[in-house]
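Participant: Here is my input; please provide its structure:
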Amino acid sequence: MNCINHPSETAVSQCQVCGKGLCVECTNKFSKPICPDCFSDSRQKQKRTVVAEILLTLLIGLPIGIIIDLLVTDTYKTPDSFWESHFFLIYMGLGIVSGWKTLTRITPQIFLFLPVLGWVLYFFIKAVLSLFVGLVAFPIRMIRNLSLFF
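Facilitator: Next up is the predicted model:
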């Protein structure tokens, strides 16, 4: 079998996605043996995933943050920290999507046997935890997503 990109070269590996032959140069081009077509396809899929997460953050997290900000009474918002409290509460809402995705990655699948009431309780607890996990996960995921996008 010869390399898909260099027909005069003998293939030393195969693309892990489509199985096309790759020479030494093409094998070492990326971190894993993958042909340029499959690499391009995977990059496009990554970009779509990043855009979807950013849209979810804006369409779900931003309204949640605004609602949380409106629900918190003015007792907690002193004149000295008025803008900081608004920013923090909206930031907290923005982080719920990142927190949810982070918790989904670490949540075991043992909850599959729960009755309906268990699922409601599980999702409520997960949503509340997502607010707090999102405080840390939001900037990390956004930096990662932007680095994947560009």
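Participant: Could you use CA atoms for every contact and neighbour count after this?
Facilitator: OK.
Participant: so where is the protein shaky, pLDDT-wise?
Facilitator: Residue ranges of the chain with pLDDT under 70: 73-83, 108-112.
Participant: Show me where it has its strands.
Facilitator: With DSSP state E, the ranges of strands along the chain come out as 13-14, 21-22.
Participant: how about TSV for these, with mean neighbour count added?
Facilitator: As requested, the strands of the chain are exported to TSV (neighbours: other CA atoms under 10 Å):
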stretch	mean neighbour count
strand 13-14	20
strand 21-22	26
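Participant: I'd like to know which of those strands is closest to residue 113.
Facilitator: Closest of the strands of the chain to residue 113 is strand 13-14, at 41.5 Å (criterion: CA to CA).
Participant: Can you give the distance of the closest one from its chain's centre?
Facilitator: 30 Å (CA atoms, centre = their mean, to the nearest Å).
Participant: For it, enumerate the helices and strands it packs against.
Facilitator: Strand 13-14 sits against strand 21-22, with contacts defined as 3 or more CA pairs under 8 Å, 6 or more residues apart in numbering; DSSP states H and E.
Participant: what comes into contact with the strand it packs on?
Facilitator: 1-5, 10-15, 33-35 (CA atoms under 8 Å, 6 or more residues apart in numbering).
Participant: same check, this time on stretch 131-145
Facilitator: Where contact means CA under 8 Å, 6+ apart, the residues beyond stretch 131-145 that reach it are 50, 91-100, 102-103.
Participant: quick revisit: compare the strands of the chain and give me the one nearest residue 115.
Facilitator: Of the strands of the chain, the one closest to residue 115 (CA to CA) turns out to be strand 13-14, at 46.7 Å.
Participant: about what we covered before: could you dump the contacts of strand 21-22 into TSV with distance to residue 56 added?
Facilitator: Output for those, formatted as TSV (distance: CA to CA, whole Å):
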residue	distance to residue 56
1	45
2	44
3	41
4	39
5	39
10	46
11	43
12	43
13	39
14	37
15	33
33	33
34	31
35	32
